[in-house]
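In: Sequence first, predicted model second:
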Amino acid sequence: MWHGSARARLAKQAKAAVPQVPTSTNEEDDEAHSSSSTSTYYDKVLVDAECTHDGSLRHLVKMTSDADWNEYLDKYLSSTHVQGVLDLQHDLIRNGFRLLKEGGRMVYSTCSLSRKQNEDMVDQFLQDEPTARLETFDTTNVPHQVSFVSDTRLMYRDMVV
């Protein structure tokens, strides 16, 4: 059995071990990070972005009635909520990429099946970020049962500035 203080210490240690990606949309914060001599850059960044959960069975199996489904639609798929999620994803992908070293690699991931939250988000990011490149990689030896996994792509920071 966990005691409150032991759980709190463990949570604090876990949080301290994993740096958090900033989600600020403030351009001054962007400039401060890029000009800071203490900035940390990483070889690899995983952006596991918040999404509308439409591709997550864990969330969808909770819908046992029409009322549950309507509540889900109102809460997660309203145009206001979706736009907020898209704005957050835009910030997350940009800030994750900003933390890459030259030659570093980033994976952008959501549990959504929405094109707007996946392909369109990545395509827009690539248009906005001239040093980003998209790379396909072989998934032949990656265990999977879904055919679209073969289209998995990887972003990386261009080594040529």
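Out: Okay, I see it.
In: From the contact counts, what lies against the longest helix along the chain?
Out: Counting residues, the longest helix in the chain under DSSP state H turns out to be helix 79-98. Secondary structure elements in contact with helix 79-98, counted by 3 or more C-beta pairs under 8 Å, 6 or more residues apart in numbering; DSSP states H and E, are helix 27-35, strand 42-48, strand 100-109, helix 119-128. C-beta here means a position set from N, CA and C on the backbone, and glycine is covered the same way.
In: For Gln89, find the nearest of these.
Out: Put simply, out of those the one that sits nearest Gln89 is helix 119-128, at 5.4 Å, with distance taken as C-beta to C-beta.
In: Tell me which residues are up against that closest one.
Out: Residues external to helix 119-128 that are found in contact with it (C-beta atoms under 8 Å, 6 or more residues apart in numbering): Leu86, Gln89, His90, Ile93, Arg94, Phe97, Tyr108, Ala132, Arg133, Leu134, Arg153, Met155.
In: For the first one, which residues are in contact?
Out: This points to Leu86. Contacts were defined as C-beta under 8 Å, 6+ apart; by that measure Leu86 touches Lys116, Gln117, Met121.
In: Going by distance to Trp69, which of the residues you listed wins?
Out: Distance from Trp69 was checked for each of the contacts of Leu86 by C-beta to C-beta. The minimum falls on Gln117, at 20.0 Å.
In: Is the closest one located within a helix, as I assumed?
Out: No - Gln117: not assigned to a helix; according to DSSP: H, G, I helix; E, B strand; the rest coil it is coil.
In: Which among the contacts of Leu86 count as buried?
Out: With burial judged by 16 or more other C-beta atoms under 10 Å, the buried subset of the contacts of Leu86 is Gln117, Met121.
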